[in-house]
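>>> What follows is a predicted protein model with its sequence.
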Amino acid sequence: MNRFLLWFHQTGSPANFDRYAARWAPWAFATAFVALAVGIYGALFSVPPDVNQGENFRILYIHVPSAWMSLFIFIAMAIQAVIALVWRIKICEILAMSCAPIGAAFTVITLATGSIWGKPTWGTWWSWDARLTSELVMLFLYIGVIGLNSAIEDRRAAARAACFLAIIGLVNVPIVHYAVDWWNTLHQGETIRLLGPSKMDSSMMWPLIATVIGTKAWFVGSLLQRARATNLEHEANKDWARSAYGATQ
Amino acid sequence: MNSPASDPAPLLECRGLCFSRNEEPIFGPLDFTLAAGTAIQVLGGNGAGKTTLLRVLAGLLPASQGEVHFQGRSVDQQHLVQGTAFLGHLPGHKADLSALENLQFTAALHASALAPEAALTDVGLAGFEQQQARRLSAGQNKRLALARLRLSAAPLWLLDEPYANLDRDGIALVNRQIGDHVNAGGAVLLTTHGAYAPPPVPMHTLELRA
Amino acid sequence: MSAPGLLAAGRAQIQRDLRLVWRRRGDALQPVLFAVMVIALFPLALGGEHEQLARIAPGVLWVAILLAGLLTLDVLFRSDVDDGSLEQLLLSPAPLAWLIAMRVLVHWAVTALPLLLLTPVFAELLFLPGRLLTPLMLSLALGTPLLSLIGAMVAALTVGIRRSGILLAVLALPLYVPVLVFGAGAVVAADQGLSSWIGAIYLLAAGLVLALVLAPLAAATALRIALS
């Protein structure tokens, strides 16, 4: 085995990962807390009301980062999944599986905040436009990955099967987006489009940057925490875990 | 028949073979060789990992650690399937099809030189060709599975508890089949509890402890 | 061990699967019955008004056939896992992906093809305009094999799980969405007189070609993962 692969395997060893995660997760959470606090304060109080939407647009400062994160986490999960399947690295299996619940949570937040934004803006709680429908399909994919992972008894086979599903799912997401987009052009009357942040004046941008950073940091902290817990659960009988955490025998 | 010492390479060689499931070690590390013309008997109590070892050697499960060399070449899980035939706990054929139909399928998949009818006769199931497999007794199903092994023409046979569910005639039949196969240059690795008469071939023992 | 030619192995697999279906030929009617029931539920719920049913007909027909196919997905590999013949397939010298492709072909022929042939009858039940029958049959002819292939991948992933019925549906449906959208959408586009309806058909055809190549390979990999 060449030296790079050896270094990679050693860095990804369960004991090293545990130390790494224990060290960096608190920092990630602290960054997330600060950034989100700054962003939410700015979104709620500092930024003036929008010309067209009034106060309603403020929820976009949560909705947009959540939407980006839901997609970003899916991609991250799929990348981890590829590494786990091709090189059979156990810590990547754990990382990929830990991404799924976090991604699902962000997707739910996206859908909920999208609904809350939509009610005063469109008059309905829901719209079957391409963006929201893709988010819904993504939620089902996340739930599928979580479900498959928990349905198989052998932990490693379960993770590998769910990783495989995640990769297929990632290919599916843009296809669904394109399909629903096309389908919306067929049904006249669907002139609703989700306004993007690019229409925002630059002076109103900074809370968005803060919440984007905050959600990313939250994801990193959450991922490290979950992966660390799963890792310890799997390795509970190993010597390194017992000595590091003070088992009596 | 070549003696093992003059064979170019042993049929099967395992070094440091380990398997664990959910972080629980099942067996290993194991080091052993199996030469053509010999057999290995894997002994061990319940839960010692005999079935798992056989499934790893058949290529159904990936080994956690260690190397397997088949006919001198290092092989991974995918390539082990080329030279092995596996007899597990499950019948391995369809209950809804007749004995002959099942063997015809196997013969077609393995491009077998042996005719399915001849294989049936060799295992003592002549006359049962049109019988649906679900109507065969447990012992007859085992004989059908043995016929399937012969059709595959694989050099290495992996037999998991081949004597289970068999009467004395059946046990004698299994031993005869193993004897024929080994004496023709093949090799057999079988698991057993150990209470049965051994086949008439050079036999080594591998013991697994739980 | 010699490897058989692809044709010989394929023929043997198809022969075996057709024989197995014939032994249990009563079960083969179930998808058709289920589709008819689903279709019948809509007029019962919405009223038998001609105009209204004609408007929803393409979507309802597509959904009914999709759901009927979903029901039969579980049995694709289930019995082979239970009696150990799937292991033997994994261990045979013929390429597993090819054998799976043959299996899916027989499955489609037995479950979806009857539905396809009965579509004109179903269309009459929902008063589908005659000019939409061709787009509908085209979209179903391309879409149902696509659904079978995607479904085979998902069935392969869940093969080791007991009572995997609803999980199978949850996993398969997000992957079915694009096929449904383009399939039913093609008929709706044709209804509106848009020339783009044939574009959706072409997309389905392209998806089918991709799936014909990739899905059996993916299902073979998934089977190996799920059985380990």
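Received the coordinates, thanks.

>>> Is it correct that residue B:204 falls within a strand?
Yes: under DSSP: H, G, I helix; E, B strand; the rest coil, residue B:204 sits within a strand.

>>> Once you drop chain neighbours, what's closest to it?
residue B:40 (5.0 Å; Cβ to Cβ, 6 or more residues apart in numbering or on different chains). From N, CA and C alone the C-beta is placed, and that goes for glycine too.

>>> got it, and residue C:104?
That would be residue C:152: by Cβ to Cβ, 6+ apart, it lies 4.8 Å from residue C:104.

>>> Please apply the same query to residue C:36.
Nearest residue to residue C:36 in three dimensions, chain neighbours excluded: residue C:122, at 7.4 Å (Cβ to Cβ, 6+ apart).

>>> how near is residue C:168 to chain B?
22 Å (Cβ to the nearest Cβ, to the nearest Å).

>>> what residues are up against that residue?
C:70, C:73, C:74, C:154, C:155, C:158 (Cβ atoms under 8 Å, 6 or more residues apart in numbering or on different chains).

>>> any idea how far it lies from residue A:104?
Distance of residue C:168 to residue A:104, computed by Cβ to Cβ, to the nearest Å: 19 Å.

>>> repeat for residue A:219
The gap separating residue A:219 from residue A:104 is 12 Å, by Cβ to Cβ.

>>> again with residue A:176
Distance, residue A:176 to residue A:104, by Cβ to Cβ: 17 Å.

>>> Over to residue C:202?
According to Cβ to Cβ, residue C:202 and residue A:104 sit 35 Å apart.

>>> neighbour-wise, which of the two wins?
A direct count of neighbours by other Cβ atoms under 10 Å in any protein chain shown for residue C:202 and residue A:104 places residue A:104 higher, at 21 against 12.

>>> Those residues of chain A touching chain B, which are they?
Proximity of chain A to chain B (Cβ under 8 Å from any Cβ of the partner chain) is limited to residues A:88, A:154, A:155, A:156, A:234, A:235, A:237, A:238.

>>> Most neighbours of all those residues, which one?
When neighbours are counted by other Cβ under 10 Å, residue A:156 leads the residues of chain A next to chain B with 22 neighbours.

>>> Contacts only, for it.
By Cβ under 8 Å, 6+ apart, the residues touching residue A:156 are A:90, A:93, B:21, B:22.

>>> tally of neighbours for residue C:162?
By other Cβ under 10 Å, 7 other residues sit near residue C:162.

>>> just residue A:47 next, same as before
20.

>>> And the pLDDT for it?
Residue A:47 carries a pLDDT value of 77.

>>> Tell me who's in contact with it.
Neighbours of residue A:47 in contact, by Cβ under 8 Å, 6+ apart: A:58, A:203, A:204, A:207.

>>> So, low pLDDT: which residues of chain A?
Chain A contains residues with pLDDT under 70 at A:1-11, A:51, A:53, A:187-201, A:247-249.

>>> wait, what's in contact with the closest residue to chain B within it?
Residue nearest to chain B within chain A (Cβ to the nearest Cβ): residue A:155, separated by 5.0 Å. Under the criterion of Cβ under 8 Å, 6+ apart, the neighbours of residue A:155 are A:234, B:22.

>>> From chain C, how far out is it?
From residue A:155 to chain C the distance is 12 Å (Cβ to the nearest Cβ).

>>> Over to residue A:80?
16 Å.

>>> Skipping adjacent residues, who's closest to that residue in space?
Leaving out its chain neighbours, the residue that sits closest to residue A:80 by Cβ to Cβ, 6+ apart is residue A:96, at 3.7 Å.

>>> Run through the residues that contact the residue nearest the centre of chain C.
Closest residue to the average C-alpha location of chain C: residue C:148 at 3.2 Å, with Cα atoms, centre = their mean. Contact analysis of residue C:148 by Cβ under 8 Å, 6+ apart lists C:69, C:104, C:107, C:108, C:111, C:112.

>>> which parts of chain C sit against chain A?
Chain C comes close to chain A at residues C:153-154, C:157-158, C:160-161, C:164, C:167, C:170-171, C:173-175, C:177-178, C:181-182, C:185, C:188-189, C:192, C:194, C:200, C:218, C:221-222, C:225-226, C:228, as judged by Cβ under 8 Å from any Cβ.

>>> Quick one: find the helix or strand in chain B with the lowest mean pLDDT.
Counting by mean pLDDT, DSSP states H and E, the weakest-scoring helix or strand in chain B turns out to be helix B:77-80, with a mean of 69.

>>> correct me, but residue B:108 touches residue C:10?
No: the criterion here is Cβ atoms under 8 Å, and residue B:108 misses it with residue C:10 at 9.7 Å.

>>> So between these two, which is more surrounded?
More crowded of residue B:108 and residue C:10, by other Cβ under 10 Å: residue B:108, with 22 against 19.

>>> Distance of the more buried one relative to residue C:12?
Distance of residue B:108 to residue C:12, computed by Cβ to Cβ: 3 Å.

>>> Give me the common contacts of those two.
Contacts common to residue B:108 and residue C:12, judged by Cβ under 8 Å, 6+ apart, are residue C:4.

>>> before we move on, the earlier item: list only those of the residues of chain C next to chain A flagged as buried.
Buried positions within those, assessed by neighbour count (16 or more other Cβ atoms under 10 Å in any protein chain shown), are C:153-154, C:157-158, C:160-161, C:164, C:167, C:170-171, C:173-175, C:177-178, C:181-182, C:185, C:188-189, C:200, C:218, C:221-222, C:225-226, C:228.

>>> need the strands for chain A, in chain order.
For chain A, no strands are identified by DSSP state E.

>>> Point out the residues in it that sit beside chain C.
A:137-138, A:140-141, A:143-144, A:147-148, A:151-152, A:154, A:157, A:160-161, A:164-165, A:168-169, A:172, A:175-176, A:178-180, A:182-183, A:186-187.

>>> How about chain B?
Listed as neighbours of chain C in chain B under the rule Cβ under 8 Å from any Cβ: B:58-62, B:81-86, B:88-97, B:101, B:104-106, B:108-111, B:148, B:152-154.

>>> returning to what we had before: restricted to buried residues, select the contacts of residue A:47 in ChimeraX.
Of those, the buried ones go into a single ChimeraX selection, burial set by 16+ other Cβ under 10 Å:
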select /A:58,204,207
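
>>> Filter the contacts of residue A:47 down to the ones in helices?
Cross-referencing these against helices under DSSP state H gives residue A:207.

>>> Can you pull the domain assignment for chain B?
Domain segmentation of chain B under automatic domain parsing yields B:8-83+B:155-210, B:94-153.

>>> Export those domains as TSV, with columns for distance to residue C:141.
Below are the domains of chain B laid out as TSV (distance: least, Cβ to Cβ, whole Å):
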stretch	distance to residue C:141
domain B:8-83+B:155-210	36
domain B:94-153	30
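
>>> need the residues of chain C near chain B, please.
Within chain C, the residues that sit near chain B (Cβ under 8 Å from any Cβ) are C:1-5, C:8-9, C:11-13, C:15-16, C:19-20, C:23-24, C:79, C:82-85, C:87-88, C:90-94, C:227-228.

>>> just the buried members of the residues you listed?
Among these, the ones that count as buried by 16+ other Cβ under 10 Å are C:1, C:4, C:9, C:12-13, C:15-16, C:19-20, C:23, C:83-85, C:87-88, C:90-94, C:227-228.

>>> just checking, residue A:106 touches residue A:215?
Yes: Residue A:106 is within contact range of residue A:215, at 7.3 Å (criterion: Cβ under 8 Å).
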